[in-house]
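Q: After the sequence you'll find the predicted model.
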Amino acid sequence: MPRIKCHYVDCVFIDEGICSAAAVEFDPDEGCKTYSPAEGAAEEDDWDEEEESDEWEDEEDTDDDWADDEEEI
C-alpha cells in the first residue's frame, strides 16, 4: 500500500505526517478531498480576515510616491 505524505497539520487522518485514510481522493486543482479538520482545529486557527485586510488597505502606494523617489536619485 502506498504511503502518502501530507502537509495538512490539522487533518484527522494525519499520523506522523503520513495519511492514514483507507482511501484518498485528490483533485489537482482543489487539493485533497479526503481532508477532514480535527475537532477544535478551526477554533485555534480562527483568523480575523477583515482586520488583516484593513491593514493592507491603509498602506496603499501611489504612482506619485514612486515618481518622487526617482527624481531624488
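A: Happy to help now that I have it.
Q: Going by C-alpha atoms from here, please, whenever you check contacts or count neighbours.
A: OK.
Q: quick one, helices of the protein?
A: Counting by DSSP state H, the chain has helices at residues 41-44, 49-58, 63-72.
Q: Where does the prediction get shaky in this structure?
A: Residue ranges of the chain with pLDDT under 70: 1, 41-73.
Q: Make sure Ala21 is actually in contact with Asp15.
A: No. Counting by CA atoms under 8 Å, Ala21 sits too far from Asp15 to count as a contact (9.6 Å).
Q: who's in contact with Val3?
A: To be clear, residue 3 is Arg; Val isn't right here. Counting by CA atoms under 8 Å, 6 or more residues apart in numbering, Arg3 touches Ile18, Cys19.
Q: What separation do you get for it and Cys11?
A: 16 Å (CA to CA, to the nearest Å).
Q: can you check Pro2 too?
A: Distance from Pro2 to Cys11, by CA to CA: 19 Å.
Q: who has more neighbours, these two?
A: Between Pro2 and Cys11, Cys11 has the larger neighbour count (other CA atoms under 10 Å), namely 18 against 5.
Q: Who is that one paired with across the strands?
A: Taking DSSP bridges, one obtains Pro37 as the residues bridged to Cys11.
Q: Use 35 as the first number for this chain going forward.
A: That works, and once the first residue is 35, the last one we named lands at Cys45.
Q: Neighbours of the residue lying closest to Ala57 once chain neighbours are set aside, how many?
A: Leaving aside its chain neighbours, Ala57 sits nearest to Thr68 (7.9 Å; criterion: CA to CA, 6 or more residues apart in numbering). Thr68 has 17 neighbours, counted by other CA under 10 Å.
Q: How about stretch 41-49, which residues are buried there?
A: Using 16 or more other CA atoms under 10 Å as the test for burial, stretch 41-49 gives Tyr42, Asp44, Cys45, Val46, Phe47, Ile48.
Q: In CSV: those, plus distance to Phe60.
A: Formatted as CSV, these follow (distance: CA to CA, whole Å):
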residue, distance to Phe60
Tyr42, 13
Asp44, 17
Cys45, 14
Val46, 16
Phe47, 14
Ile48, 15
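Q: List just the nearest of the residues you listed to Gly74.
A: The closest of these to Gly74 turns out to be Asp44 (CA to CA; 9.2 Å).
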